[in-house]
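The amino acid sequence is not available; the structure is as follows:
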């Protein structure tokens, strides 16, 4: 299967929620020795895309995020920072719950206590590739035996990025949340953690297996995939990001509908309704939701809501 599902996961916040391995039944691998302190990376300027929707008494900024980033990327300044500072409230995809609550959700939604172990749900060649992927990441072969395929897929999407130096704590949501807390701004979520995990849980067994197989297949290309996406994001090139995101999605309509287009439509409805209430709002969602056909921006334009790119 092509890497479109991998790109979908990378571009959406769902891939970057740090679902703890401690929620699984298998023991975590022994930690590697602590590396020597790395030199501080040089700061690289980035200018991600920013949009605004306005009426007479309401201003809503729309900012696309990347959920895991490396240190040293300087993006929270200039136009983005000015829009954030001008806003009375901040709206994210979701407000991350405390670790205990997240682990309880994972236990309830992702753990499978009956039926065959996860590797036995895969075709023989796919099983061999899956077990090799675990081994390459230093994980025990039984790490995800009693989890649903979607959970293994999201973790296998995130763990290699962490090894490459990407960090959820450096991601745009983390930085925005920290700044909002310091500024004592109201922070709310368009969705809850339970809803987000529930989207994966609602996928059919066939779609979940396809997602996992695609993730394993594309692991050797993950560095190139994330670099291409981050580069397009940092350059403020939503057209390029949209092309990366939407390639071949029509071949996986169930995954695209549940994880992307249905959510985009709901968020566009929310923004349209929010225009009825005065104030200034900074909305930050995964960059993939604001790029390409079927995006939040495209849905707003269908509603005759004028969306303007903020140039800075």
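Thanks, I have it. In this text, all values refer to a predicted model and were calculated from it rather than measured experimentally.

Would you map the strands across this structure?
Along the chain, the segments classed as strands by DSSP state E run 44-45, 50-54, 58-65, 73-74, 89-92, 186-189, 279-286, 308-309.

how much space is there between the closest residue to residue 239 other than its chain neighbours and residue 168?
Closest residue to residue 239 apart from its sequence neighbours, by CB to CB, 6 or more residues apart in numbering: residue 291 at 7.5 Å. All C-beta spots, glycine's among them, are computed from the backbone N, C-alpha and C. In this view, residue 291 and residue 168 are 21 Å apart by CB to CB, to the nearest Å.

ok, now residue 149?
Residue 149 sits 22 Å away from residue 168, going by CB to CB.

coming back round to it: which of the strands of the chain sits closest to residue 100?
strand 186-189 (18.1 Å; CB to CB).

got a list of contacts for the closest one?
The contact list for strand 186-189 (CB atoms under 8 Å, 6 or more residues apart in numbering) reads 88, 89, 90, 91, 92, 93, 94, 95, 177, 180, 181.

now do 6 Å
With CB atoms under 6 Å, 6 or more residues apart in numbering as the test, strand 186-189 has contacts from 89, 90, 91, 92, 94, 95, 180.

cool, stretch 118-133 as well?
Outside stretch 118-133, the residues within contact range by CB under 6 Å, 6+ apart are 141, 144, 145, 213, 216, 219.

Can you tell me which of those end up in helices?
Among the contacts of stretch 118-133, the members falling in helices are 213, 216 (criterion: DSSP state H).

how about the contacts of stretch 118-133 in TSV, adding neighbour count and distance to residue 125?
Shown next, in TSV, are these (neighbours: other CB atoms under 10 Å; distance: CB to CB, whole Å):
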residue	neighbour count	distance to residue 125
141	14	16
144	27	18
145	17	19
213	20	10
216	23	11
219	21	15
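
residue contacts, residue 83?
61, 282.

Number the residues from 19 up from this point.
Shifting the count to begin at 19 puts that one at residue 101.

got a pLDDT number for it?
Listed pLDDT for residue 101 reads 98.

same question, the one 5 residues further on
If you check residue 106, the pLDDT there is 96.

May I have the residues that are in contact with it?
Going by CB under 6 Å, 6+ apart, residue 106 touches 297, 298.

Torsion angles phi and psi at residue 131?
Main-chain dihedrals, residue 131, degrees, to the nearest 10: phi -90, psi -20.

Tell me the spacing between the closest residue to it other than its chain neighbours and residue 155.
What sits nearest to residue 131 in space, not counting adjacent residues and going by CB to CB, 6+ apart, is residue 164, at 6.4 Å. Distance of residue 164 to residue 155, given as CB to CB: 18 Å.

Same question for residue 95.
Using CB to CB, residue 95 is found at 35 Å from residue 155.

Tell me which of those two has more neighbours.
Per other CB atoms under 10 Å, whichever of residue 95 and residue 155 has more neighbours is residue 155, with 16 against 12.

Contacts only, for the more buried one.
Counting by CB under 6 Å, 6+ apart, the residues that residue 155 touches are residue 177.

where does it fall, phi/psi-wise?
As for residue 155, its main-chain torsions (degrees, to the nearest 10) stand at phi -90, psi 0.

And it, how close does it get to residue 274?
For residue 155, the distance to residue 274 equals 27 Å [CB to CB].

ok so, going back, quick one, which of residue 309 and residue 186 is more surrounded?
More crowded of residue 309 and residue 186, by other CB under 10 Å: residue 309, with 28 against 17.

these two touch, right, that one and residue 254?
No - contact criterion CB atoms under 6 Å: residue 309 and residue 254 do not qualify, at 11.2 Å.

hang on, the earlier thing: any idea which of the contacts of stretch 136-151 is the one closest to residue 69?
Of all the contacts of stretch 136-151, residue 69 sits closest to residue 237, with 33.4 Å by CB to CB.

before we move on, the earlier item: look up phi and psi at the residue nearest to residue 131.
Backbone dihedrals for residue 164, given as degrees, to the nearest 10, come out at phi -110, psi 30.

still on that earlier bit, among the contacts of stretch 136-151, which pair sits farthest apart?
Longest span within the contacts of stretch 136-151, CB to CB: 163 and 237, 19.1 Å.

how close does the nearest residue to residue 192 once chain neighbours are set aside get to residue 223?
Nearest residue to residue 192, sequence neighbours excluded (CB to CB, 6+ apart): residue 186, at 6.2 Å. Plainly put, residue 186 is 29 Å away from residue 223 if you go by CB to CB.

go on, residue 62?
Using CB to CB, we find residue 62 at a distance of 42 Å from residue 223.
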